[in-house]
Structure formats: structure tokens, C-alpha cells
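[1] Coordinates for the following, if possible.
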Amino acid sequence: MKQASFWLAALLAAGFTASNAQASTACPFSAADISKALGVPVQEGKPGLEFSAAGMVMRDCRYASKNFSVMVKTSHYSNPAAAKDATKMLAGKLRAIPNDPDGAVIQEGQGDLTDPAVFYVRNGVAVELRVLGIYYKDLKSKDADLRDMQTKLAAVKRLQ
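    Residues are numbered from 1 along each chain as shown. Predicted coordinates:
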């Protein structure tokens with residue numbers, strides 16, 4: 001509880017405020033969009049928190065499957081050029097997806113708990129797609145499972 005209070009205070013001190021309105025009523029993708037790319041059924045997305053800070057609004061949406069969920073985080077920038085810097089604060093190594101029209105990258109080397117994650121920027125919106133939970137086939141995650149899920153995330157329909 002102390003840690004949650006600390007992070008909330010840190011966000012507020014950094015200039016983030018919870019939006020007065022409810023979180024966005026619509027998630028950016030349909031369950032069919034996510035299911036098609038991942039090859040497993042997922043429930044329709046459920047909006048999470050919405051934060052705003054100087055010139056940026058961040059929205060979170062979760063699509064649940066049997067063993068994992070897919071988090072889609074969008075950061076809408078009032079200055080589209082600022083969205084290009086969104087990946088500068090990401091931990092680990094960013095591996096470019098060859099020939100990707102949006103310059104998408106895969107986040108790797110985040111430590112022991114590396115989750116499959118893909119980032120791209122389109123029309124002034126930074127998009128993060130991340131799998132949370134048990135996405136691997138056996139009792140232990142393998143590099144092949146991680147790479148497979150990264151490839152599937154990169155195939156999710158892009159934000160329009």
C-alpha cells in the first residue's frame with residue numbers, strides 16, 4: 001500500500017492528473033483485431049486509467065485472454081513531433097522491426113521479467129502493445145516463445 005501511495009504521489013508531483021472525465025469509453029482496437037494477430041480469443045478491451053500532463057494524454061486499455069492480457073497504451077501528444085521522443089525513456093534495448101512503416105521497435109532486455117512489447121508512433125500518437133501474464137506454452141518461458149509473441153504483437157492492426 002505504501003508503494004502504491006508513493007507512485008501516486010510521484011505521478012501527481014510530476015504534473016500528471018487523473019482526467020476528470022471517466023477513462024476513454026472506447027479502446028483503440030476490437031477484440032477481433034487482437035485475436036486475429038495473436039491467434040487466441042480475447043475479450044473486448046476494458047479502458048483503464050487516463051492521465052494527462054503538459055501536452056499529452058495517456059490512455060490504457062486491457063484485452064483479457066485465458067492466461068494473459070494485452071495492454072494497449074496510447075499517448076496522444078498535442079505536438080506530434082514530441083511523440084517521436086516517447087521511446088527515449090524505455091528500459092532495456094530497442095530492436096527496430098525491419099521495414100516497418102511506423103518505425104516500430106521491440107523492447108528487449110528489461111531484466112528478469114521481460115514481457116513481449118512493441119512500440120510505434122503514428123500521427124502524433126505513441127502506441128505500446130504489451131503482453132502481461134503467462135503467454136508461453138510450457139511451464140517456463142523460452143526465447144522462442146518470447147520472439148513468437150513479439151512477432152504476433154507487431155502484426156496487430158495499426159492505430160488509424
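[2] all contacts plus neighbour counts: C-alpha atoms, from now on.
    Fine.
[3] Can you identify each of the strands in this protein by residue range?
    17-18, 46-53, 56-64, 68-77, 93-96, 105-108, 117-122, 125-133 (DSSP state E).
[4] could you dump the ones you listed to CSV with mean pLDDT and mean neighbour count?
    Listed next are these as CSV, based on pLDDT from 0 to 100; neighbours: other Cα atoms under 10 Å:
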stretch, mean pLDDT, mean neighbour count
strand 17-18, 39, 16
strand 46-53, 90, 18
strand 56-64, 93, 21
strand 68-77, 91, 22
strand 93-96, 89, 14
strand 105-108, 88, 22
strand 117-122, 91, 25
strand 125-133, 89, 22
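[5] how about a markdown table for those, with distance to Asp85 added?
    Shown next, in a markdown table, are the strands of the chain (distance: least, Cα to Cα, whole Å):
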| stretch | distance to Asp85 |
| --- | --- |
| strand 17-18 | 21 |
| strand 46-53 | 15 |
| strand 56-64 | 12 |
| strand 68-77 | 11 |
| strand 93-96 | 13 |
| strand 105-108 | 13 |
| strand 117-122 | 9 |
| strand 125-133 | 9 |
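[6] Identify whichever of these lies nearest to Ala32.
    In terms of Cα to Cα, the element of these nearest to Ala32 is strand 56-64, at 10.5 Å.
[7] Perfect, that will be all.
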